[in-house]
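Peer 1: Quick one: sequence plus predicted model below, questions after.
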Amino acid sequence: MITVLCYGDSNTWGYEPGTARRLPREVRWPGVARAALGPRFELVEEGLNARTTVLDDPTRPGRSGLTYLRPCLESHAPLDLVVLMLGTNDLKHRFGLGAYDIAANAAMLIATVQQTPCGVGGVAPPVLLVSPPAIGELSNLADLFAGAGPKSRELARHYRAFAEQAGCRFLDAATVAEADPADGVHLGPAGHAALGRAIAAAIRDILGG
């Protein structure tokens with residue numbers, strides 16, 4: 001069995017825009033990717049609503065992706081690949097971060113993975129860094145993500161640069177999926193389907209099979 005950890009936020013958890021319910025397992029992008037890859041692959045869904053890269057959110061305790069990453073890796077080891085897609089919540093107005101800073105935070109997650117023996121054979125697992133979908137036209141989340149749209153469209157070039165520096169693979173989710181217009185932040189079923197297919201193709205390219 002080939003085991004892939006999918007570590008992300010509400011767009012990995014499957015938050016349905018407009019309802020706040022969770023999309024069905026087979027609709028969420030890890031489920032789409034799992035179906036595309038076939039039975040030899042197990043995709044572990046580790047999505048959490050409001051999860052950041054490394055930031056402590058005073059309104060949502062326990063959301064720092066960095067704090068939980070190491071125990072999460074050890075819990076699911078040995079891992080053939082880690083897919084990291086975080087950064088959307090770092091765009092919240094309360095944090096005041098630019099695109100470069102958010103990408104640098106994501107690079108800290110890459111480094112954490114690369115410093116662990118949680119891959120097959122006791123070495124570090126490879127990483128696929130995914131820059132998140134761009135923020136669209138905001139509705140009920142406009143105050144929370146004020147000013148986030150332009151910054152979100154700058155994330156990919158910085159994520160790509162940090163991925164290259166770290167020697168890991170990169171995918172720009174904004175090239176294949178758009179936020180649902182119901183809220184401008186979360187993926188709808190069509191976005192999950194497109195992203196799942198793209199990530200499945202990237203996983204095949206990295207691992208074969």
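Peer 2: Arrived safely, thanks for sending.
Peer 1: Can you tell me the closest non-neighbouring residue to Ala179?
Peer 2: Spatial nearest neighbour of Ala179, chain neighbours left out: Gly136 (4.1 Å); criterion: Cβ to Cβ, 6 or more residues apart in numbering. Any C-beta I mention is one placed from the backbone N, CA and C, and that applies to glycine too.
Peer 1: ok, that neighbour touching Glu178?
Peer 2: Yes. Using Cβ atoms under 8 Å as the test, Gly136 is close enough to Glu178 to be in contact (6.4 Å).
Peer 1: ok, the most centrally placed residue in the chain - contacts?
Peer 2: In the chain, the C-alpha nearest the mean C-alpha coordinate belongs to Met85, at 1.5 Å (Cα atoms, centre = their mean). Contacts for Met85 (Cβ atoms under 8 Å, 6 or more residues apart in numbering) come out as Cys6, Tyr7, Gly8, Asp9, Asn11, Thr12, Leu129, Val130, Ser131, Pro132, Ala173.
Peer 1: ok, the fourth one touching Ala50?
Peer 2: Yes. Between Asp9 and Ala50 there is a contact at 6.8 Å, judged by Cβ under 8 Å.
Peer 1: Overlap of the contact sets of those two?
Peer 2: Contacts common to Asp9 and Ala50, judged by Cβ under 8 Å, 6+ apart, are Asn89.
Peer 1: Please identify which of the two sits among more neighbours.
Peer 2: Per other Cβ atoms under 10 Å, whichever of Asp9 and Ala50 has more neighbours is Asp9, with 24 against 17.
Peer 1: Which residue comes closest to the more buried one once chain neighbours are left out?
Peer 2: Nearest to Asp9 is Arg51, by Cβ to Cβ, 6+ apart, at 4.2 Å.
Peer 1: quick one: that neighbour from Cys118, how far?
Peer 2: As for Arg51, its distance to Cys118 is 19 Å (criterion: Cβ to Cβ, to the nearest Å).
Peer 1: Those two: which is more packed in?
Peer 2: Arg51 (25 against 21).
Peer 1: Now do the more buried one, the pLDDT please.
Peer 2: Arg51 is assigned a pLDDT of 98 by the prediction.
Peer 1: Name all residues that make contact with Arg204.
Peer 2: Here Arg204 is in contact with Leu37 (Cβ under 8 Å, 6+ apart).
Peer 1: no wait, Ile203
Peer 2: Neighbours of Ile203 in contact, by Cβ under 8 Å, 6+ apart: Val4, Ala33, Leu37, Phe41, Leu81, Val83, Leu128.
Peer 1: Identify each buried residue in the helix or strand harbouring it, please.
Peer 2: For Ile203, the host element (DSSP states H and E) is helix 189-207. Within helix 189-207, the residues scored as buried using 16 or more other Cβ atoms under 10 Å are 189, 191-200, 202-203, 206-207.
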